[in-house]
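Asks: got a predicted structure plus its sequence, pasted below:
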Amino acid sequence: MGHGRARASAIYTEQLCQAIVEGTSRQLNRDGEDDLNYMVEDRFFDEANNQELEGDKVREARKLEVQFLRSMNVYEKVDLEECFQNTGAKPITVKWVDTVKKDGRYRSRLVAREYNDGQRDGVWAGTPSLESLKLLLAHAASEIFETGQHKKLGALEEDVVITHIDVARAFFNAPVPAEEKIYVALPPEDRQPGEQGKCGLLRRAMYGTRTAAALWQAEVRRTLEGLDYTPSKVDPAVYFNVTKKSVCIVHGDDVVTVSRRKHSQEEGGGAGVGASRHRPGDAEGPQPRGHPSQLRDWLRG
């Protein structure tokens with residue numbers, strides 16, 4: 001018909017397909033959605049080395065992360081109109097960062113994409129210096145000689161212990177002040193039918209937002225000061241408890257402490273001083289390993 005013109009008109013050129021995809025993606029962004037990736041995403045790649053990952057394991061890891069988001073009330077679902085009224089802009093978009101840990105576990109993290117749009121106070125978070133770590137190790141050595149532990153391993157009532165605590169999903173434990181309005185797009189994995197016009201108002205700090213590190217540092221300081229730890233005037237990432245003769249260094253979600261512990265086999269008594277990765281056992285349900293409440297229990301000891 002028409003010398004084949006009808007047949008030719010049924011073929012979408014590459015340029016036309018590209019225009020359709022770009023137009024639909026822009027409309028989704030205006031509506032507060034992320035983009036078209038979730039519609040066609042059937043291959044996943046490790047963010048660290050760009051190697052292809054197993055799709056089923058990635059989806060399971062993302063599902064677990066969404067459970068954490070919900071259980072810890074990281075954000076509250078609200079109407080898009082609220083976001084536009086309070087900020088005059090669309091919600092911050094999010095993306096999945098998928099990777100495989102050294103032990104083979106798949107880990108997916110939902111990250112906000114809040115870009116640096118200029119100078120802003122209150123987003124700085126300090127990190128400990130190398131000298132502070134040397135100070136901590138020197139303190140440990142001094143404690144060992146003071147207790148005589150270097151001569152009588154396992155024969156003392158107290159052990160001097162160097163402990164490394166990894167606080168999993170640390171930022172989720174830091175509350176966002178009520179006056180700070182940060183809105184993020186909902187990931188497809190957490191979007192229910194009828195929620196196309198919804199976004200998330202952050203109640204907890206989220207990776208990728210500019211204030212996340214500062215909020216987490218404030219939460220750590222509040223927790224440690226509640227346990228009678230005093231921050232150093234020279235290095236705000238170092239805390240001291242004079243009564244317990246304990247020193248604590250915080251670097252992001254990693255906490256290293258030197259403290260005296262009652263001698264017991266359960267805590268590795270008799271093993272002398274050793275670096276240990278204190279990862280409390282997984283509780284049923286999505287409570288992160290190294291949760292601040294568990295950190296408090298350890299430091300109280």
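Replies: Cool, the structure landed. Numbers count the residues shown, from 1 in each chain.
Asks: strands along the stretch 151-300 of the chain, start to end?
Replies: Read by DSSP state E, counting those that start in this stretch, the stretch 151-300 of the chain holds these strands, from start to end of the chain: 158-166, 183-184, 198-202, 230-231, 238-241, 246-251, 254-262, 275-278.
Asks: figure out which of the ones you listed is closest to Trp216.
Replies: Put simply, out of these the one that sits nearest Trp216 is strand 246-251, at 9.3 Å, with distance taken as C-beta to C-beta. Every C-beta, even on glycine, is put in place using the N, C-alpha and C of the backbone.
Asks: what's the closest of the strands of the stretch 151-300 of the chain to Val66?
Replies: strand 198-202 (11.7 Å).
Asks: what's the closest one packed up against?
Replies: Taking 3 or more C-beta pairs under 8 Å, 6 or more residues apart in numbering; DSSP states H and E as contact, the helices and strands that strand 198-202 lies on are strand 75-79, helix 80-87, strand 183-184.
Asks: so which of those is the most packed in?
Replies: For those, the largest average neighbour count (mean count of other C-beta atoms under 10 Å) is found in strand 183-184, namely a mean of 24.
Asks: what does that strand rub up against?
Replies: Contacts with strand 183-184, where a contact means C-beta atoms under 8 Å, 6 or more residues apart in numbering, come from 75, 78, 82-83, 86-87, 91-94, 112, 199-202, 206, 209.
Asks: same question, stretch 232-241
Replies: Outside stretch 232-241, the residues that reach it (C-beta under 8 Å, 6+ apart) are 126-129, 131-132, 135-136, 217, 221, 224, 227-231, 246-251, 299.
Asks: cutoff 6 Å now
Replies: Stretch 232-241 is touched from outside by 126, 128, 132, 224, 228-231, 247-250, with contacts defined as C-beta atoms under 6 Å, 6 or more residues apart in numbering.
Asks: A helix includes Gly23, no?
Replies: Yes: counting by DSSP: H, G, I helix; E, B strand; the rest coil, Gly23 is found in a helix.
Asks: count of residues packed around it?
Replies: A count of neighbours around Gly23, defined by other C-beta atoms under 10 Å, yields 10.
Asks: tell me the pLDDT of it.
Replies: Reading off the per-residue confidence, Gly23 sits at a pLDDT of 74.
Asks: do you know how far it is from Ala218?
Replies: As for Gly23, its distance to Ala218 is 43 Å (criterion: C-beta to C-beta, to the nearest Å).
Asks: could you do Glu81 as well?
Replies: Distance of Glu81 to Ala218, computed by C-beta to C-beta: 31 Å.
Asks: where in the stretch 101-250 of the chain is pLDDT low?
Replies: The model of the stretch 101-250 of the chain has pLDDT under 70 over residues 117-123, 145, 147-158.
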